[in-house]
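[1] A structural model of the following input is requested.
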Amino acid sequence: MAFVCQPLIAGRQKEKLSVSISVIRGQSSAFLHSQNIRGRLPTKRCFKQFIRSLDQENLFIAYKIRGNTAGLKPSRIKSLTRLYGRRFSGPGGYSLEQARELAGLSQAIGRQIGLLINRQGKPEMVIAGDRDRILIPELGRQRQTSGRLRGLRLLHTHLGSPGLSEEDLLDMVFLRLDSVGVFTISQSGDPDKFQWAHLLPYNPGRDPYLVSEMLPWDRNGTDFSAQVEALESELSTGTRLLAAEDKEKAVLISVGTKAKKDQADSLAELRDLLLTAGMAPTETLVQRVKRINPNYILGRGKLAELEVLALQAGASSLVFDCELSPAQMRNLAEITERKILDRTQVILDIFAQHATSREGKLQVELAQLDYTLPRLVGKNRALSRLAGGIGGRGPGETKLEMDRRRIRARRTRVRQELAKVRQQRKATRARRNKAGLPIVALVGYTNAGKSTLLNTLTRSSVYTADKLFATLDPTNRRLRFPEDREIILADTVGFISYLPEYLQQAFMATLEELDSADILVHVADASHPEVEHQCRAVVNILQDLKLEQLPRILVLNKWDRTVPEQKNRLHNLHPEAIPLTALDNQTLAPLTRGIMKNLPAQAV
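    Presented below is the predicted three-dimensional model:
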């Protein structure tokens, strides 16, 4: 008879195994009848009792051997299967008899043999490899806590190899194994040497893992249980982490052809974005390359370094300071279990958190749909069944196709609703033009102080905060000057470097407010170390929007926080700029005079 059940050994919960039980003696029928099973699947307790009631010589449990089993004789498969019944524990992690058994089997089949052993010493998986390598199947997403190891160690054989290879160490890193150990086998089929390695906690300037010397195979006394317990304890202490425990931790990565300083400045901005999004930046990795890897953006060696850095930092996310292509994101997700994010996703998340009006929410949703659609890919475009005709008939759409269709349909509806919003705003602007009120628009880099300046000038209470993209929705307020003249003061969404085009398109209904502006007040944060870079980014975006011809007043905000050296440099670079402090009403008189001077003649 045959049962299909969950593995009964504690900790083995990855997959269902087919357990075939062949009973020579006629004990099974009587036992099952006495337990009143009568054809039903036995319970776990009943099944254990049944196994104990049988003579072990008459019981054969066939566990699946993973990897390359092609061409192996049934007797060899049976010998490999018996390894599931061994217990690899105690000093050294194996007995001398077990080492001889592994070496003999590996020599007999001419292939490497690997065992993934849990912390109780029981093999979770037996793998047959090739002569010079072993391929570990997907292990599933177990023990996902970012600062923990997987709870498995790899013990495998090398046929004449000098010891642990680079591939072995990379497997240990990417799979977060407790350790990896290897037997080298002599030409006679006997064990020769043994070598092991394990990851290390945070140690700046040193290797991310410890590799032992080549030891005589029968002189290995390493206590792997105590070793992994101490290692995981150090990884979980978190004493060096900069982030609070209740926040998601992330490692920041910059890969590009720009100068190191430019990369560092961009990473500093990404750090601010993550803090605004509610994440906790921990470590950074910067690499300057001549050409970006189109598949993984990083080389495999650098990816291994990144994985170790994330493990040591307790980070569950990897955030790249660029926009990853769909292929890069998919490939990275296949080799690491950590969340993969890019700069655009972080900005979209901030927008989603801060959008309050219906218009703002629609704009954010459209940007998210435009970002998601090209990244919603399947394994094969040939699976599409929407075309009809030959190959188009069958069981219907796949889930992937349904998701794509729903996203396209939703995107169309959102665009239609935003078109209505644009029409409403167009009508509102027409009424303003009819009333003859000039419009002064506040533009600038995000967190430069535009909303604060609006509040001080108009005595309003628009939400402000010292964070990026604190306000997304445009705000219009009337401002009356002492000369009994009125204007409309408009606050717009902040700009940022490397703003994707579809984000600009999604916020076009908001940015169209700038088309009808008579004057642009460019608000810059004078105290920021990269104020020049931010000013150039704003000017470039205004050029992309074809607004560079409008009169523009440069305002150097946060002047009270600016150091003297920075003040002198900005005075030399921008002699026409107006320095002020948005929170101090006494410093705003030069700005009001500048606005009055640049108003259209018919409005004066």
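
[2] where's residue 267 relative to residue 281, distance?
    9 Å (Cβ to Cβ, to the nearest Å). Every residue, glycine included, has its C-beta placed from N, CA and C.

[3] Same question for residue 129.
    On the measure of Cβ to Cβ, residue 129 and residue 281 end up 40 Å apart.

[4] Kindly report the same for residue 475.
    Residue 475 is 31 Å from residue 281, by Cβ to Cβ.

[5] In terms of neighbours, single out the busier of the two.
    residue 281 (24 against 18; other Cβ atoms under 10 Å).

[6] what are the C-alpha coordinates of the strand or helix carrying that one, in CSV please?
    Element membership of residue 281 [criterion: DSSP states H and E] is strand 279-288. Extracted in CSV, the C-alpha atoms of strand 279-288 (Å, rounded to 0.1, in the frame of the first residue of the first chain):
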residue,chain,number,x,y,z
MET,A,279,12.5,52.6,6.4
ALA,A,280,15.8,52.4,8.3
PRO,A,281,19.0,52.7,6.1
THR,A,282,21.9,50.7,7.5
GLU,A,283,24.8,50.1,5.2
THR,A,284,25.8,51.4,1.8
LEU,A,285,27.6,49.8,-1.1
VAL,A,286,29.1,52.0,-3.9
GLN,A,287,30.6,50.6,-7.1
ARG,A,288,31.8,52.7,-10.1
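
[7] by contact count, what packs against whichever helix or strand comes after that strand?
    Downstream of strand 279-288, the next assigned helix or strand under DSSP H and E is helix 300-313. With contacts taken as 3 or more Cβ pairs under 8 Å, 6 or more residues apart in numbering; DSSP states H and E, helix 300-313 sits against helix 166-175, strand 248-256, strand 279-288.

[8] one more time with 6 Å
    Applying 3 or more Cβ pairs under 6 Å, 6 or more residues apart in numbering; DSSP states H and E, one finds that helix 300-313 contacts helix 166-175, strand 279-288.

[9] The last one: partners in the sheet, and parallel or antiparallel?
    According to DSSP bridges, strand 279-288 forms sheet pairs with strand 248-256 (parallel).

[10] so where is the stretch 401-550 of the chain shaky, pLDDT-wise?
    483, 502, 505-510, 512 (pLDDT under 70).

[11] now the helices: where do they sit in it?
    For the stretch 401-550 of the chain, applying DSSP state H, counting those that start in this stretch gives helices covering 450-458, 501-506, 508-511, 531-544.

[12] which one of those lies closest to residue 342?
    helix 501-506 (12.9 Å; Cβ to Cβ).

[13] what residues are shared contacts of residue 267 and residue 281?
    residue 252 (Cβ atoms under 6 Å, 6 or more residues apart in numbering).

[14] What is the neighbour count of the spatially closest residue to residue 528 that is not a sequence neighbour?
    For residue 528, ignoring the flanking residues on the chain, the nearest one in space by Cβ to Cβ, 6 or more residues apart in numbering is residue 534 at 6.4 Å. Residues lying near residue 534 (other Cβ under 10 Å) number 22.

[15] before we move on, what about residue 89?
    Neighbour tally, residue 89, other Cβ under 10 Å: 16.

[16] give the contact list for the residue most central in space within the chain.
    The centroid of the chain falls nearest to residue 340 when counting by Cα atoms, centre = their mean (1.9 Å). Neighbouring residues of residue 340 by Cβ under 6 Å, 6+ apart: 318, 329, 332-333.

[17] Ramachandran coordinates for it?
    phi -100, psi 120 (degrees, to the nearest 10).

[18] Give the bridge partners for it, please.
    Beta-bridge partners of residue 340, as defined by DSSP bridges: residue 318.

[19] mind listing the strands for the stretch 351-500 of the chain?
    With DSSP state E, counting those that start in this stretch, the ranges of strands along the stretch 351-500 of the chain come out as 439-444, 475-481, 485-491.

[20] Same list (those strands) but as TSV, adding distance to residue 425.
    Formatted as TSV, the strands of the stretch 351-500 of the chain follow (distance: least, Cβ to Cβ, whole Å):
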stretch	distance to residue 425
strand 439-444	12
strand 475-481	10
strand 485-491	11
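
[21] which of the ones you listed sits most buried?
    strand 439-444 (a mean of 24; mean count of other Cβ atoms under 10 Å).

[22] Show me what that strand is packed up against.
    Using 3+ Cβ pairs under 6 Å, 6+ apart, the elements in contact with strand 439-444 are strand 485-491, strand 519-525.

[23] For residue 406, list the residues it contacts.
    With Cβ under 6 Å, 6+ apart, residue 406 has no contacts at all.

[24] Could you tell me the least trusted of the helices and strands packed on helix 300-313?
    In terms of average pLDDT, helix 166-175 trails the rest of the helices and strands packed on helix 300-313, at a mean of 85.

[25] Between helix 300-313 and that helix, find me the angle.
    40 degrees (axes from the mean of the first three to the mean of the last three Cα atoms, to 10 degrees).

[26] what does helix 166-175 rub up against?
    136, 180, 304, 307-308, 335.

[27] if we can go back for a sec, which of the strands of the stretch 351-500 of the chain sits closest to residue 82?
    Of the strands of the stretch 351-500 of the chain, nearest to residue 82 by Cβ to Cβ is strand 439-444, at 71.9 Å.

[28] What strands line up against the closest one, and which way round?
    Strand 439-444 is paired, per DSSP bridges, with strand 485-491 (parallel), strand 519-525 (parallel).

[29] Give the buried residues for the strand holding residue 281.
    279-285, 287 (16 or more other Cβ atoms under 10 Å).

[30] which one among the residues you listed gets closest to residue 262?
    For these, the nearest to residue 262 is residue 287 (13.4 Å; Cβ to Cβ).

[31] how far away is that closest one from residue 174?
    Taking Cβ to Cβ, one finds residue 287 at 18 Å from residue 174.

[32] you'd agree residue 253 is up against residue 286?
    No: Residue 253 is beyond contact range of residue 286, at 7.9 Å (criterion: Cβ atoms under 6 Å).

[33] Which parts of this protein belong to which domain?
    If you go by automatic domain parsing, the domain ranges for the chain are 2-58, 67-237, 249-350, 428-603.

[34] related to what we said a few turns ago, in JSON lines, list the helices and strands packed on strand 439-444 along with distance to residue 591.
    As requested, the helices and strands packed on strand 439-444 are exported to JSON lines (distance: least, Cβ to Cβ, whole Å):
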{"stretch": "strand 485-491", "distance to residue 591": "11"}
{"stretch": "strand 519-525", "distance to residue 591": "7"}
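
[35] circling back to that earlier point, can you tell me which two in the contacts of helix 166-175 are farthest apart?
    136 and 308 (17.8 Å).

[36] Could you export the helices and strands packed on helix 300-313 as a markdown table, including distance to residue 94?
    Formatted as a markdown table, these follow (distance: least, Cβ to Cβ, whole Å):
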| stretch | distance to residue 94 |
| --- | --- |
| helix 166-175 | 17 |
| strand 279-288 | 36 |
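
[37] mind checking which of those is nearest residue 590?
    Comparing the helices and strands packed on helix 300-313 under Cβ to Cβ, the one sitting nearest is strand 279-288, at 38.3 Å.

[38] Name the residues of the helix or strand where residue 345 lies that are buried.
    If you go by DSSP H and E, residue 345 is part of helix 343-354. For helix 343-354, a neighbour-count test (16+ other Cβ under 10 Å) marks 343-352, 354 as buried.

[39] In a markdown table: those, plus distance to residue 187.
    As requested, the buried residues of helix 343-354 are exported to a markdown table (distance: Cβ to Cβ, whole Å):
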| residue | distance to residue 187 |
| --- | --- |
| 343 | 55 |
| 344 | 56 |
| 345 | 54 |
| 346 | 56 |
| 347 | 60 |
| 348 | 60 |
| 349 | 59 |
| 350 | 63 |
| 351 | 65 |
| 352 | 63 |
| 354 | 68 |
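
[40] Pick out whichever of those sits closest to residue 108.
    For these, the nearest to residue 108 is residue 345 (51.5 Å; Cβ to Cβ).

[41] What's the separation between that closest one and residue 427?
    35 Å.

[42] ok, residue 407 - how many residues close by?
    With other Cβ under 10 Å as criterion, residue 407 counts 16.
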